[in-house]
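Peer 1: What follows is a protein structure lacking sequence information:
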């Protein structure tokens, strides 16, 4: 049976892993290669590197690190952050990534999704959707959650699917870094409305939260950072927990 | 030496990197003539069936691969590379394949499962296979695909995997012809073992 995936997300800058709380207040969590090796041994199903660097130069440093990872860690690698053109995506693929994650640039220029998908295949395009609840509506945000867009979450999810996105990485900005659990309401809404996999993100603070994301949130994969980075739980432990509760995982 | 056929379909670097990591000599080339003298040929591939078979034919790889197999050389198809070995595919109309393994390539149809299948799924071994030597039954591998192979002879099926309400053929072994629907180069230790087994057989 197809397994539910556990994906550690490494927020990176200058070739180092960092992770913020509500996208602010960064803490150092080790080198990219070191962390990638560690998570591969821990049975991580994939790795996501979100580059939060401000400069091109530090992005380059990150890509050089990703290239090293791709030579010794043989699981799917996704790189996101600042991918605003096919050329940028190409550079990322040349450095060993299997998928790119696009976010702000896709909202500004939705055609970018199709153009990358046509060239590299839909399986290589993850669209990161950051949402915030405003009133009773989930509104898509860009620029690390600072800027609201005109799109409602479901409307945008259906649109990116049609444009050729292979997966949706859905982040609840309200939950990110809070360790209160995924926003399972928006997750289930999106996941049951699209036919591409949805990766839950933002808020996982306990193993039960992962379980809830798969059951209540109907997610196909769960992205988590803080609960793994600081060794609060190991991925093996998380998978065993899920397995014991009837969720199919790779063990 | 493992020869990786570059016929313009997708990212071959990760396959090469996996062999490099294992310390197995491998070369990537778009020239079928370079295959001469290589006992092991890998046919990778992501993308569309129709385009891929056209470029295999145009580049001369189709003929070279047939000759390679006739000479008793070993062949490993990965993902689309597996599907190209069958007789025909229903992807985007109807296409003929290389017909090394009699059978059809069909699209998954499901009301419940999301298609394409993306992620890790387990295999059930159907015979004593070379590719899965020293791997436990039900090992997990990484899949990305909307189409699957249905060989005519169940004897060609090396492993099956459950998805979209059916057990589909996830690996083939037939007289030196090997094929896997998953990506061994993205399937961590289990995948590396499959590549090692292919290179060593």
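Peer 2: Received it, and whenever you're ready, just let me know what you need. All values derive from a computational prediction rather than experimental measurement.

Peer 1: which ones are touching residue B:192?
Peer 2: Going by CB atoms under 8 Å, 6 or more residues apart in numbering or on different chains, residue B:192 touches A:74, B:18, B:21, B:22, B:184. For glycine as for every other residue, the C-beta is placed from the backbone atoms N, C-alpha and C.

Peer 1: swap that for residue B:187, sorry
Peer 2: Going by CB under 8 Å, 6+ apart, residue B:187 touches A:74, A:75, B:120, B:140, B:141, B:142, B:194.

Peer 1: Could you provide the contacts of residue B:192 in a markdown table, with additional columns for pLDDT and secondary structure?
Peer 2: Converted to a markdown table, the contacts of residue B:192 look like this (pLDDT from 0 to 100; DSSP: H, G, I helix; E, B strand; the rest coil):
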| residue | pLDDT | secondary structure |
| --- | --- | --- |
| A:74 | 97 | coil |
| B:18 | 97 | helix |
| B:21 | 97 | helix |
| B:22 | 98 | helix |
| B:184 | 97 | helix |
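
Peer 1: which of those sit farthest apart?
Peer 2: B:21 and B:184 (12.1 Å; CB to CB).

Peer 1: Comparing these two, which residue is more hemmed in?
Peer 2: A count of neighbours by other CB atoms under 10 Å in any protein chain shown puts residue B:184 above the other of residue B:21 and residue B:184, at 27 against 16.

Peer 1: Skip the chain neighbours and tell me the closest residue to the more buried one.
Peer 2: residue B:191 (3.6 Å; CB to CB, 6 or more residues apart in numbering or on different chains).

Peer 1: Any idea how many residues pack against the one you found?
Peer 2: Residue B:191 has 24 nearby residues by other CB under 10 Å.

Peer 1: do residue B:165 as well
Peer 2: Other residues near residue B:165 come to 11 when the count uses other CB under 10 Å.

Peer 1: can you pull out the strands in chain B?
Peer 2: Under the criterion DSSP state E, chain B contains strands at B:2-5, B:26-29, B:40-43, B:74-78, B:86-89, B:95-96, B:101-107, B:117-122, B:124-125, B:140-145, B:147-151, B:157-163, B:166-174, B:177-180.

Peer 1: So is the second one next to chain A?
Peer 2: Meaning strand B:26-29. No: interface with chain A: strand B:26-29 contributes nothing (CB under 8 Å from any CB of the partner chain), its closest point being 13.4 Å away.

Peer 1: now for that strand, which elements pack on it?
Peer 2: Strand B:26-29 sits against strand B:2-5, helix B:13-22, with contacts defined as 3 or more CB pairs under 8 Å, 6 or more residues apart in numbering or on different chains; DSSP states H and E.

Peer 1: Paired strands for that strand, with orientation please.
Peer 2: Strand pairing for strand B:26-29, determined by DSSP bridges: strand B:2-5 (parallel).

Peer 1: For the strand it pairs with, the averaged confidence score.
Peer 2: Taken as a whole, strand B:2-5 carries a mean pLDDT of 96.
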